[in-house]
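**Q** prediction below, plus the sequence it came from.
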Amino acid sequence: MGAPAPNRLARWAIILAAGLLVLLLPRPEGVSEQGWRLLAIFVATVIGLIAQPIPMGAITLLAITLAGLTKTVSAEMAFSAFANPTIWLIVAAFLFSRSVVKTGLGRRIAFLFVRWFGSSSLRLGYALAGADLVVSPFIPSDTARAGGIIFPIARSLAESYDSHPGPTAQRLGAYLMQCAYHIGCTTAAIFLTSMAANPLAAKFAKDTANVEITWNMWALASCVPAAISVSLLPWLIYRLDRPELQSTPEARAMAQKELQAIGPMSRQEVALIAILLAVIVGWVTQSVHGLHPALIAIGGVSLIVLSGVISWEDVIGERRAWDALLWFGGLIMMAGGLNQLGVIKAFTNALASGLQGWSPLGALVALVLAYTYIHYGFASMTAHITALYPAFLLLAVANGAPALVAALALAYFSNLNASLTHYGTGPAPIFFGSGYVSQVTWWRVGFVVVLFNLVVWLGLGLLWWKVLGLW
């Protein structure tokens, strides 16, 4: 059910007030009336993505319509972003996700990890982490991946040991819920295609700082800090909120029973694995053949349809893909327009005075810290990236930070910052709403997890990027 009418009206009032407030503020020197009007529409859209009186795609469609009807942008510009190949990369990734879920391959992988590693509560945490990591390149929705595949398995494991919300939560469930959630925030940062808005950050990096972030570059730059995070996070959370139950031998038997119920690997699963591996190889070897990752992804989707893994009805019925097409294209159009009209540059010039005298590295670290902790005020990673990524990237580059390093650091923490709260991204309400963890514990553990990731990704990560020659 949607939000009650009074609540929905209040959300609309906030959205309209935000846009009107921008229009009423004094227009900075050097910013045209057209640019200022687009900024008002953009700000109202971002607030709409947070408040969501209607779905994100519908919000963005309204923004495109308003920008066109008020002649803020031309018709050609309004629809220009829908020809962007990056948009079709994320559409293809959603279709890969549907294939993984429909064939049952995702559940099979998760139960295989539990069967292999599930002899203790800590090892169960690693099993869930491994399963999430393996499917993350092909499931760009962290909600679908963590909430749709990992959460049901984590809850089943907890309940099999009579761990339920309330007095028995600490037996096992509290640990599994926190481990699965924070690992999900981490795996969302590892690949360009592991979170829906990652390509949006990559597109902003290209438009704002003329930096090209390929699938291969994103994964290569993330692999070392990601390996450390995924290797240590289950243990860290185990120490921060230790479960009462240490040994879980029955979990492996439960996984074996589930795998027997699923049955042997189907022809569709075998075909899907072969196609997904071919797509990964294509992305990794882009520098050799020169094909855009979107073309490789669409080729993979074509093979999935031709092989019968999914039907054409599945393709046109994957509403999340077409919803992403709308909101992604609209946001790219507006952000590109703001950049072309000089609005972003005017704001970053005004803010740059606060960083005068800082070293490039010091300015970058300060900006990443601010960018990360501002997420306390956001309930969507997409809204956060849309509102802040271009400006923070421009500020970092203006203060001498290497453009590619700044672009990657901000992109990674667009995902890692979601660990802070119980509302920071789509899966958060699912895991927190299960009732296993109190809000105080959730925020305490999340705060430490983000500190840990700052040390790993911004500390050791910078050293790794130095080795790669990125700065």
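**A** That came through fine.

**Q** only C-alpha atoms from now on, for both contacts and neighbour counts.
**A** OK.

**Q** pull the longest helix from this protein.
**A** Ranked by residue count under DSSP state H, the longest helix found in the chain is helix 215-240.

**Q** quick one: the helices in the stretch 301-450 of the chain, in order.
**A** Listed in chain order, the helices of the stretch 301-450 of the chain (DSSP state H, counting those that start in this stretch) span 312-317, 319-340, 343-352, 360-373, 381-398, 403-416, 427-433, 439-453.

**Q** let's have those helices in a markdown table, adding mean neighbour count and distance to L200.
**A** Formatted as a markdown table, these follow (neighbours: other CA atoms under 10 Å; distance: least, CA to CA, whole Å):
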| stretch | mean neighbour count | distance to L200 |
| --- | --- | --- |
| helix 312-317 | 14 | 22 |
| helix 319-340 | 21 | 7 |
| helix 343-352 | 17 | 16 |
| helix 360-373 | 19 | 16 |
| helix 381-398 | 23 | 8 |
| helix 403-416 | 25 | 9 |
| helix 427-433 | 20 | 20 |
| helix 439-453 | 17 | 22 |
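
**Q** show me what the worst-scoring helix or strand of the chain on mean pLDDT is packed against.
**A** Lowest by mean pLDDT, DSSP states H and E among the helices and strands of the chain is helix 343-352, with a mean of 73. Where contact means 3 or more CA pairs under 8 Å, 6 or more residues apart in numbering; DSSP states H and E, helix 343-352 is packed against helix 33-51, helix 381-398.

**Q** how far away is the nearest residue to G446 once chain neighbours are set aside from L20?
**A** Leaving out its chain neighbours, the residue that sits closest to G446 by CA to CA, 6 or more residues apart in numbering is L420, at 4.7 Å. Here L420 is placed at a distance of 31 Å from L20 (CA to CA, to the nearest Å).

**Q** quick one: which of those two has more around it?
**A** Using other CA atoms under 10 Å as the criterion, L420 and L20 rank with L420 on top: 24 against 16.

**Q** Q439 is in contact with that one, correct?
**A** No. Contact status for L420 versus Q439: not in contact, 11.1 Å apart, counting by CA atoms under 8 Å.

**Q** once you drop chain neighbours, what's closest to the residue nearest in space to the middle of the chain?
**A** Among the residues of the chain, the one closest to the centroid is M195, at 3.4 Å (CA atoms, centre = their mean). The spatially closest residue to M195, leaving aside those adjacent along the chain, is P140, at 4.2 Å (CA to CA, 6+ apart).

**Q** again with A226
**A** Nearest non-adjacent residue to A226, counting by CA to CA, 6+ apart: I190, 6.4 Å away.

**Q** could you report the pLDDT at the one you found?
**A** Looking at I190, its pLDDT reads 96.

**Q** same thing with A3?
**A** With respect to pLDDT, A3 scores 53.

**Q** for S97, give its distance to L355.
**A** For S97, the distance to L355 (CA to CA) stands at 42 Å.

**Q** compare neighbour counts for the two and give me the winner.
**A** It is S97, of S97 and L355, that has more neighbours when counted by other CA under 10 Å, with 23 against 18.

**Q** just checking, the more buried one touches P140?
**A** Yes. Here S97 reaches P140: they are 7.2 Å apart, a contact under CA under 8 Å.

**Q** now the least confident helix or strand of the chain against helix 33-51, angle please.
**A** 80 degrees (axes from the mean of the first three to the mean of the last three CA atoms, to 10 degrees).

**Q** contacts for helix 343-352, please.
**A** Around helix 343-352, the neighbours that count as contacts under CA atoms under 8 Å, 6 or more residues apart in numbering are 28, 30-31, 35-36, 39, 338-339, 390-392, 394-395, 398-399.

**Q** and stretch 177-193, how far from the chain's centre?
**A** Distance of stretch 177-193 from the chain centroid (CA atoms, centre = their mean, to the nearest Å) equals 8 Å.

**Q** so where's this protein shaky on pLDDT?
**A** By pLDDT under 70, the low-scoring segments of the chain are 1-6, 351, 353.

**Q** export the least confident helix or strand of the chain to CSV, keeping only CA atoms.
**A** Taking Å, rounded to 0.1, in the frame of the first residue of the first chain, the C-alpha atoms of helix 343-352 are listed here in CSV:
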residue,chain,number,x,y,z
VAL,A,343,26.0,25.9,-11.9
ILE,A,344,28.2,23.3,-10.4
LYS,A,345,31.4,25.2,-11.1
ALA,A,346,29.9,28.4,-9.5
PHE,A,347,29.1,26.5,-6.3
THR,A,348,32.4,24.7,-6.0
ASN,A,349,34.2,28.0,-6.6
ALA,A,350,32.3,29.4,-3.6
LEU,A,351,33.1,26.5,-1.4
ALA,A,352,36.8,26.2,-2.5
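
**Q** give me the buried positions along the longest helix of the chain.
**A** For helix 215-240, burial by neighbour count (16 or more other CA atoms under 10 Å) applies to 215-226, 229-230, 233-238.

**Q** likewise for stretch 13-23?
**A** 15-16, 18-20, 22-23.

**Q** and which of those is nearest I64?
**A** G19 (14.3 Å; CA to CA).

**Q** roughly how far does that closest one sit from Q52?
**A** Noted for G19: a distance of 15 Å to Q52, by CA to CA.

**Q** give me the next element, helix or strand, following the strand or helix carrying L62.
**A** Following DSSP states H and E, one finds L62 within helix 56-69. With elements assigned by DSSP H and E, the helix or strand that comes after helix 56-69 is helix 75-78.

**Q** for that following helix, packing partners?
**A** Helix 75-78 is packed against helix 56-69, helix 319-340, with contacts defined by 3+ CA pairs under 8 Å, 6+ apart.

**Q** V101: which of those helices is closest?
**A** Here helix 319-340 is closest among the helices and strands packed on helix 75-78 (CA to CA), at 13.6 Å.

**Q** chain center to the closest one, what's the gap?
**A** Computed by CA atoms, centre = their mean, the chain-centroid distance of helix 319-340 equals 16 Å.

**Q** who does that helix touch, helix- and strand-wise?
**A** Looks like helix 319-340 contacts helix 33-51, helix 56-69, helix 75-78, helix 85-103, helix 198-209 (3+ CA pairs under 8 Å, 6+ apart).

**Q** okay, the angle between it and helix 33-51?
**A** 150 degrees.

**Q** got the angle for helix 319-340 vs helix 56-69?
**A** Helix 319-340 runs at 40 degrees relative to helix 56-69, counting by the same axes, to 10 degrees.

**Q** tabulate the CA atom coordinates of helix 319-340 in CSV.
**A** Extracted in CSV, the C-alpha atoms of helix 319-340 (Å, rounded to 0.1, in the frame of the first residue of the first chain):
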residue,chain,number,x,y,z
ARG,A,319,10.3,-3.4,-14.1
ARG,A,320,13.3,-2.5,-12.0
ALA,A,321,15.4,-2.3,-15.2
TRP,A,322,13.0,0.0,-17.0
ASP,A,323,12.4,2.1,-13.8
ALA,A,324,16.2,2.5,-13.5
LEU,A,325,16.3,3.6,-17.2
LEU,A,326,14.0,6.4,-16.4
TRP,A,327,15.5,7.8,-13.2
PHE,A,328,19.0,7.2,-14.3
GLY,A,329,18.5,9.0,-17.6
GLY,A,330,16.7,11.9,-16.1
LEU,A,331,19.4,12.4,-13.4
ILE,A,332,22.2,12.2,-16.0
MET,A,333,20.4,14.8,-18.1
MET,A,334,19.9,17.3,-15.3
ALA,A,335,23.4,16.8,-13.9
GLY,A,336,24.9,17.3,-17.3
GLY,A,337,22.8,20.4,-17.8
LEU,A,338,23.9,21.9,-14.5
ASN,A,339,27.5,21.2,-15.5
GLN,A,340,27.1,22.8,-19.0
